[in-house]
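K.L.:
Quick one: sequence and predicted model below, then my questions.
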Amino acid sequence: MHNFELPRRSSTPFLFLRALHNIGSEASVQDLMRVRNWRGKADAFRVDVVERLKRCRLIDVTGDWLVLTKQGLDYLGVAPVVSGPPPEPVGAPYAGTKNPLNLSRHCAPRPIRAGALDYMKLPSRIGVESVAYKGQIAASAIAGSVT
């Protein structure tokens with residue numbers, strides 16, 4: 001089977017294939033028509049949708065019953081359900097030993113110019129209160145400045 005024979009992702013057969021998977025991978029033709037609100041006749045549904053999916057081997061048809069095949073699940077991109085014991089939880093990641101900081105590997109602090117930190121001596125104004133650098137402010141000063 002070639003890729004050009006498969007239904008496009010937004011086509012009517014693809015939407016019905018996805019609906020078949022969503023209702024449990026097995027359904028009758030009438031149930032599938034009811035789920036997707038098919039407005040046409042049942043014969044047109046069989047020709048346009050069911051025969052197309054059957055020709056691509058995405059579904060098996062037994063009388064009036066449709067069953068999704070493994071190729072259909074692969075085409076939808078659905079991973080098969082794996083039964084068995086649950087996987088083991090992953091342990092903690094490896095953490096190496098902590099070594100003290102090696103100061104010889106780091107750059108020395110750069111000298112700063114004289115007067116670069118003078119701004120810390122100037123008070124700031126927060127609300128109506130003059131506050132020193134990194135100082136605490138009173139809650140009454142903030143509440144008084146809102147008005």
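P.N.:
Done, it's in.

K.L.:
any idea of the pLDDT on residue 125?
P.N.:
For residue 125, the model assigns a pLDDT of 79.

K.L.:
What's opposite it in the beta bridge?
P.N.:
Note on residue 125: beta-bridge partners by DSSP bridges are residue 130.

K.L.:
How many neighbouring residues does it have?
P.N.:
Residues within reach of residue 125, counting by other C-beta atoms under 10 Å, total 10. Quick note: C-beta positions are derived from backbone N, CA and C, even for glycine.

K.L.:
which residues touch residue 8?
P.N.:
residue 14 (C-beta atoms under 8 Å, 6 or more residues apart in numbering).

K.L.:
Could you chop the chain up by domain?
P.N.:
Using automatic domain parsing, the domain parsing of the chain gives 3-76, 120-147.

K.L.:
where exactly do the strands run in the chain?
P.N.:
Here the chain has its strands, by DSSP state E, at 26-28, 59-62, 65-68, 124-126, 129-131.

K.L.:
Comparing those strands, which stretch has the densest surroundings?
P.N.:
Among the strands of the chain, ranked by average contacts under mean count of other C-beta atoms under 10 Å, first place goes to strand 65-68 (a mean of 18).
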